[in-house]
Structures are given as structure tokens and as C-alpha cells.
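# Fold the following.
(one chain, ligands or ions: 1)
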Amino acid sequence: MAFEFFSMGSEGSDEVKIKDIENVVIIGSGPAGLTAAIYAARAGLEPLLIEGVPAGGQLMDTTEVENFPGYPEGVQGPQLIDDIRKQAERFGTRFLSDQVTETDVRSEPKIIKTDAGKEIKAHAVIISTGASARYLGLESEQRLKGFGVSACAVCDGFFFKDQTVAVIGGGDSALTDALYLTKHAAKIYVIHRRDKFRAAKVLQDRIFAHEKIEVIWDHVVTEVLGDEDSGVVGIRIKNVKTEEEKVLDLQGMFVAIGHDPNTSVFRGQIELDAKGYVIVKHPSSETSQPGVFAAGDVMDPHYQQAITAAASGCRAALDAQDYLGDKGLLD
Ligand code: NAP
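The predicted model follows:
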């Protein structure tokens, strides 16, 4: 797996014109934020999109995307982001390559402060800051990301046809990933740190019944073996009860130990659930704070797909447009 890198938004950011009070500021540049920008721009809201650093969200760490409608041959994740971005740009979205460090979304206008020292005011805000996959935190794991280490089985499972892989975790994601990987891989180890899964029983039953899957209880990964040339060649695992270590020969490791929504800059200002996801008033994208809308993985602990994120971005832009119209705030 080799990544193509797209550099986006860094050029010319200094020239971005910022209004005294923006109609709508979109925070985050994954499929949710970019789709919100397309709709908001076409509605004449002249949105300002703060891209985040790095820009593009989780798709920038993905290789082939085969399930996004409109790409019959599949598309590289970064290319998909670049395509949607161009579409948003075409209708006049302004992109600011910067990181939001602080907000006050309870005030009117809402205040957004950035890493580069900008203070931006806006009547409406769309939060599309996404979620970040949790990793184990091993140095070897970080080094081999994209070379056999992945946090997305649906994105990368295809590359492990007839090979041996491991899935780390014991929740619904890990077990769903393991079952998905049976379509491609010859053998799947599920490695869990305890002797009980927290996943739904129906998933557990399928896992235990599947001939390609072997569960290894009470083990943690201590090292991923391999290099950028060979890719992953194995993992070292340790029994947490006996401290015994062993090496499993395999070509892929999928980390499925959960995601963390990127909501720290909004904490205490809008309602979040126990895991930090933004609570929206389904089916709308309204948050607990008037004029603040949320779209994509940051408010979706369940589906977390590019297409569902894009769809919710559309909803957020339409909701923001209604809000600004109703309040007579459109300039
Ligand atoms: P999760 O339920 O939080 O499970 C995370 C798993 O990773 C747990 O088994 C946990 O172990 C393990 N883990 C966490 N940190 C670890 C570490 N540092 N080292 C090793 N293992 C670690 O997360 P999730 O599975 O991503 O699910 C998130 C939400 O999405 C859940 O609400 C789930 O129901 C939902 N979901 C649903 C479906 C579905 O319905 N098909 C599919 C995917 C996700 P412990 O058990 O020991 O804590």
C-alpha cells in the first residue's frame, strides 16, 4: 500500500479574505465539511471553511475507496477529497488552512480562534471535525501505518487477499472488521486484551463459528514486525496473565479499538454524549446551541462512512441556511 500525498490549502491561505462577521464557518475538511461547503456556497452563503491540519480527514489515510458512488473504478481517498474540495471551491468556498484552537459558540456572533492567531466571527457554525481512530501507541505501529497497519478494514481489507491478518480489539468494530476480512484474508486472528468480548452476542456467535477466525484472549500487541520495504511480517504479542510473549507471522494488522470524536474545542458549550460525540436533534443537524450544526463522524458513532458523512454535511448546510434566513442574518 503506497499513499499518494496531496498538498491542499496551504498555498495562498494568507490571502483568504475574512469578513467582519461570516455567515457560516465550516470547521473540518473531510467529506462532511466539504459537502456542507458545496451546498452553502451554492446557496450564496459564501462559506469560510477552516481545513484543519492536516486537511482532509481520515480519507487522507485511506488508499482505495470502492464504495463511494460515482467512481465505478474506485478512487484513492486523497483524490476523492481533492475532487470534492474542487467542487466546493468552484462555487466560491474560501479555504483557510489553519487549526481551530478555541471557540465560543454560545456568543452571538460566535467566535472561533485559530492557531495562526486569527479571531473569526460567524453567525452560524458547522462542526465537521470528524473522529480519529485510536491506535495502540506503539512506535512500530506508527511507522508501519499504510504498510500493513490500518485502522480501517473496509478500506484496506482488499489488499490482504489470501493472507494472514490480525484484528485488535473486542468491541463491535473489531468483530465486524474480522467478519468483513473473511471475504479477503485466508486467516484472521482476533486479539483481545481480556477473556471476554464486549461486542454484541450475535457477532460473537459468528466469530466463534467462522473457520477462518481464531480468537486469542488475554493478549496485547507489544511490537509490529517489518519495515517499509517488506511491509508487516508479524506481530509480537504478550499474554497479560503469564507475561509470555510469542510472534505471529502475518501481513496485516487492523486496529479496531474505537474512535475518538474531535470535539475538545467545543466541550462545555454544546451537548456531547458520554463518549464526546456531538448530540444532534435527528433528523436535523442542530446541536443544543442555536446556530451550531454538526455533520459527519463527529456526531455519528455508528455508521462513520464517507457517504453518510457527506449526506449529513448537506443537511447541515441546509439547516444553517434556514437558520440564517429565519433570523434575518443573511448579508
Ligand atoms: P468499543 O465498543 O469502545 O470497543 C473497543 C474495544 O477495543 C474494546 O474491546 C476494548 O477492550 C478494546 N481496546 C480499547 N483500547 C485498547 C487498547 N489500548 N489495547 C487493546 N484493546 C483496546 O469501540 P468500537 O468497537 O469501535 O464500537 C464503538 C461504537 O460503535 C459502539 O457503540 C458499537 O456498538 C458501535 N458499532 C456498532 C457496530 C454494529 O452494530 N455492527 C459496528 C461497529 C461499531 P475492553 O473490552 O477490554 O475495554
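
# residues touching the residue nearest to His123 when sequence neighbours are not counted, list them.
Leaving out its chain neighbours, the residue that sits closest to His123 by CB to CB, 6 or more residues apart in numbering is Leu329, at 4.5 Å. Just so you know, the C-beta spots here come from the backbone N, C-alpha and C atoms, and that holds for glycine as well. By CB atoms under 8 Å, 6 or more residues apart in numbering, Leu329 lies in contact with Asn23, His123, Ala124, Tyr323.

# tell me the SS of Leu329?
coil (DSSP: H, G, I helix; E, B strand; the rest coil).

# going forward can the numbers begin at 413, since that is how I track them
Got it, first residue is 413 now, which makes that one Leu741.

# Could you check the pLDDT of it?
Leu741 carries a pLDDT value of 85.

# unless I'm mixing things up, Asp574 is touching Ala597, no?
Yes - with contact defined as CB atoms under 8 Å, Asp574 counts as touching Ala597 (7.2 Å).

# more crowded one of the two?
The neighbour comparison of Asp574 against Ala597 (other CB atoms under 10 Å) goes to Ala597, with 28 against 9.

# and the more buried one, what is it in contact with?
Contacts of Ala597 (CB under 8 Å, 6+ apart): Gly569, Phe572, Lys573, Asp574, Gln575, Thr576, Val577, Lys624, Gly664.

# Could you pick out the buried ones from these?
Neighbour counting by 16 or more other CB atoms under 10 Å classes Gly569, Phe572, Gln575, Thr576, Val577, Gly664 among the contacts of Ala597 as buried.

# The last one pairs with what?
The one in question is Gly664. Val577 (DSSP bridges).

# you'd agree it is up against Val645?
No - here Gly664 does not reach Val645: they are 10.5 Å apart, not a contact under CB under 8 Å.

# related to what we said a few turns ago, so which of the contacts of Leu741 is the most crowded?
Counting neighbours by other CB under 10 Å, the top entry in the contacts of Leu741 is Ala536, with 28 neighbours.

# Am I right that it is in a strand?
Yes - under three-state DSSP, Ala536 sits within a strand.

# For the longest helix seen in the chain, buried residues please.
With residue count as the measure and DSSP state H as the assignment, the chain has helix 718-738 as its longest helix. Buried residues in helix 718-738, defined by neighbour count with 16+ other CB under 10 Å: 718, 720-733, 735-736.

# Any residues of the stretch 563-712 of the chain in contact with the ligand? List them.
580-586, 588, 605-606, 610, 632, 669-670 (CB under 6 Å from any ligand atom).

# Could you check the pLDDT of whatever residue of the stretch 513-662 of the chain ends up closest to the ligand?
The nearest approach of the stretch 513-662 of the chain to the ligand comes at Gly583, 2.4 Å away (CB to the nearest ligand atom). Looking at Gly583, its pLDDT stands at 93.

# Let me know whether it touches Arg606 as I believe.
No - the pair Gly583 / Arg606 is not scored as a contact, 11.1 Å apart, by CB under 8 Å.

# Name the helix or strand for the residue nearest to Ala611 when sequence neighbours are not counted, please.
Distances taken as CB to CB, 6+ apart place Leu587 nearest to Ala611, at 4.3 Å, with adjacent residues excluded. Secondary structure from DSSP states H and E places Leu587 in helix 584-593.

# Quick check: buried residues in that helix?
In helix 584-593, counting by 16+ other CB under 10 Å, buried: Asp584, Ser585, Ala586, Leu587, Thr588, Asp589, Ala590, Leu591, Tyr592, Leu593.

# show me the contacts for the fourth one.
If you count contacts by CB under 8 Å, 6+ apart, Leu587 has them with Val602, Phe609, Ala611, Ala612, Leu615, Gln616, Arg618, Ile619.

# again, but for the third one
The neighbours of Ala586, taking CB under 8 Å, 6+ apart as the test, are Val579, Ile580, Val602, His604, Phe609, Ala611, Ala668, Ile669.

# try the first one
Applying CB under 8 Å, 6+ apart, one finds that Asp584 lies in contact with Ala611, Ala612, Leu615.

# And Phe572, by the same measure?
Taking CB under 8 Å, 6+ apart, we find Phe572 in contact with Leu593, His596, Ala597, Gln663, Gly664.

# Gly725 now?
Pro443, Ala444, Gly445, Leu446, Thr447, Ala448, Ala449, Tyr451, Ile538, Ser540, Ala707, Gly708.

# Skip the chain neighbours and tell me the closest residue to it.
Take Gly725 and drop its neighbours on the chain: the residue closest to it by CB to CB, 6+ apart is Thr447, 3.4 Å away.

# This structure: helices as residue ranges?
Under the criterion DSSP H, helices of the chain are mapped to 443-454, 489-502, 551-555, 565-568, 584-593, 613-621, 718-738.

# counting contacts, what elements does the fourth one pack onto?
Of the remaining helices and strands, those touching helix 565-568 by 3 or more CB pairs under 8 Å, 6 or more residues apart in numbering; DSSP states H and E are helix 584-593, strand 664-667.

# got the CA positions of it in PDB?
Output of helix 565-568 as PDB, limited to C-alpha atoms (Å, rounded to 0.1, in the frame of the first residue of the first chain):
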ATOM      1  CA  ALA A 565     -10.800  -3.000   7.400                       C
ATOM      2  CA  VAL A 566     -13.400  -1.900   4.900                       C
ATOM      3  CA  CYS A 567     -10.900   0.500   3.300                       C
ATOM      4  CA  ASP A 568      -7.900  -1.800   3.200                       C
END
